[in-house]
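Engineer: I'll drop the sequence and a predicted model, then ask my questions.
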Amino acid sequence: LWDVLQDPMVTPFFTLETLNPGETVNVPYPFTHVVDKTDIGNKVVVNWAWLNYRVVSTLINARYLQATSNTVISPCDKNPPPPTPPRTPTGLDCCERELISDGDGEIVYRLHHCDEHLDVQVDLDSALALAVTDEDKLTAYAAAREGWFAYIDDMYDRFMATASVAEKQIIMQEKAQFFRFIAVYEAELTTLYPDDPVMVQKEINTILENRLADLCLEYNRPGMTRKDCPDTLLSSGEEAVPGEKCAVRIEPIQDTNVFTMITLCQTHSGVFDDTRSAWMQQLNLLVSKRYSAAAEEDRALISTSRSAFGEWMKAREAFLRMIYPYGATVDKVVMQTVRYFAVTECAK
């Protein structure tokens, strides 16, 4: 029980959707433990429980809190020190994407890299600052790519280490579909920008960077509200003028932060609901136009890439539903991914 409780990804044995003011509930506790030789050797048996709860008020923002209760049974003269509760990470403990503005014609995110993962971004920024030729830039992106892949693999391994048999199938499927999509999408970008390999690697770097940030956030803060899809936003104070095509501007602003602005074109700025289905429709329309204009030898790759993206989105949704209790959160996160690729497709 000790090892299980220390694991922040353990599945709660009891959940309650709503507890009204003044209302009480008795929580069933199905856990049983038979004292064994290890317990006798340690001369202590400790039982701890953690309660995570969310306070919602019309006067304040929703807040996530944690309470700890315990019962200690010990044959020793002194009780053992209480164990450290599962940590509630702050922004410094996990990567996180924060939506700071969502006005007409612009969507602004601040992507924060945690202390564990920031070295890849810092090294990439330093290498690009010193790069003179395209070969230098490609070398910098290759090093970053290796770093992102290593951290992404590590995050998937962490999920696997605490997952049930059924959850492991979901995790492995999502990982396989993501890497398959990356491979096919890179090949597609290479045909689209045959004379600009730096552009290709920059785009792949952005996808890998954001995938790691999502995994880090989803592992360290399971079930919690994401800051990239809140009800209220901070104002960026910037005005964006929609152009003929959607555009994405990404630049580092601090050692641990990356600033992303998505500027929507006239066609895609506020003319339809900001939902996953609406953006998927736009993505399909844009890809169909490019497919029709593409050379015969490129069409098969475009179709394969679209199929790989669709399979990844299915696997990603199943993965997210394993983490977030609210379907609305899952829909928002999937929508953001689909919207990004629709916006970049428009930019092409």
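Structural biologist: Right, received. Where do you want to start?
Engineer: Which is the succeeding secondary structure element to the helix or strand where S305 lies?
Structural biologist: S305 belongs to helix 296-323 when assigned by DSSP states H and E. Next along the chain after helix 296-323, taking DSSP H and E as the criterion, comes helix 327-347.
Engineer: How many residues are close by T337?
Structural biologist: Counted with other C-beta atoms under 10 Å, residues neighbouring T337 total 20. (C-beta placed from N, C-alpha, C; glycine too.)
Engineer: May I have the residues that are in contact with it?
Structural biologist: By C-beta atoms under 8 Å, 6 or more residues apart in numbering, T337 lies in contact with M313, R316.
Engineer: and the gap between it and A294?
Structural biologist: 24 Å (C-beta to C-beta, to the nearest Å).
Engineer: With D196 instead?
Structural biologist: 18 Å.
Engineer: Only the buried residues of the helix holding S305, if you could.
Structural biologist: By 16 or more other C-beta atoms under 10 Å, the buried positions in helix 296-323 come out as 301-302, 304-306, 308-309, 311-313, 315-320, 322-323.
Engineer: go on, stretch 97-110?
Structural biologist: 97-103, 105-110.
Engineer: what does stretch 275-289 give?
Structural biologist: Buried residues in stretch 275-289, counting neighbours by 16+ other C-beta under 10 Å, are found at R276, A278, W279, M280, Q282, L283, L286, V287.
Engineer: For these, could you give me TSV that also reports distance to D123?
Structural biologist: Shown next, in TSV, are the buried residues of stretch 275-289 (distance: C-beta to C-beta, whole Å):
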residue	distance to D123
R276	34
A278	38
W279	33
M280	35
Q282	36
L283	33
L286	34
V287	34
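Engineer: In helices, which of the residues you listed fall?
Structural biologist: R276, A278, W279, M280, Q282, L283, L286, V287 (DSSP state H).
Engineer: for stretch 128-141, how far is the first residue from the last?
Structural biologist: 8 Å (C-alpha to C-alpha, to the nearest Å).
Engineer: pLDDT on it, on average?
Structural biologist: Average pLDDT, stretch 128-141: 95.
Engineer: Identify the residues contacting that stretch?
Structural biologist: The contact list for stretch 128-141, computed with C-beta under 8 Å, 6+ apart, reads L124, A127, P197, V198, Q201, K202, I204, N205.
Engineer: Quick check: phi and psi at R97.
Structural biologist: When read as degrees, to the nearest 10, the backbone of R97 gives phi -110, psi 130.
Engineer: Just the pLDDT at it, thanks.
Structural biologist: Confidence at R97, expressed as pLDDT, is 83.
Engineer: and the gap between the nearest residue to G147 once chain neighbours are set aside and N257?
Structural biologist: Leaving aside its sequence neighbours, G147 sits nearest to V120 (C-beta to C-beta, 6 or more residues apart in numbering; 3.7 Å). Using C-beta to C-beta, V120 is found at 14 Å from N257.
Engineer: for A213, same thing?
Structural biologist: 11 Å.
Engineer: Of those two, which one has the most company?
Structural biologist: Legend: neighbour count by other C-beta under 10 Å for A213 and N257, higher for A213 (23 against 15).
Engineer: which SS class is the more buried one?
Structural biologist: helix (DSSP: H, G, I helix; E, B strand; the rest coil).
Engineer: Adjust the sequence numbering to begin at 3 for everything that follows.
Structural biologist: Yes, from this point I'll number from 3; that puts the last item at A215.
Engineer: Name the next helix or strand downstream of whichever helix or strand D121 is part of, please.
Structural biologist: According to DSSP H and E, D121 maps onto helix 120-132. Elements were assigned by DSSP H and E; along the chain past helix 120-132, the next helix or strand is helix 136-163.
Engineer: Next, the angle helix 120-132 makes with that following helix.
Structural biologist: 170 degrees (axes from the mean of the first three to the mean of the last three C-alpha atoms, to 10 degrees).
Engineer: Off-centre distance for helix 136-163?
Structural biologist: The chain centre lies 16 Å from the centre of helix 136-163; the measure is C-alpha atoms, centre = their mean, to the nearest Å.
Engineer: Buried residues of it, list them for me.
Structural biologist: Neighbour counts over helix 136-163 (16+ other C-beta under 10 Å) mark 139-140, 142-143, 146-147, 149-151, 153-154, 157-158, 160-161 as buried.
Engineer: do stretch 122-133 as well
Structural biologist: V122, Q123, L126, D127, A129, L130, A133.
Engineer: What about K247, how many residues nearby?
Structural biologist: Using other C-beta under 10 Å, K247 has 16 neighbouring residues.
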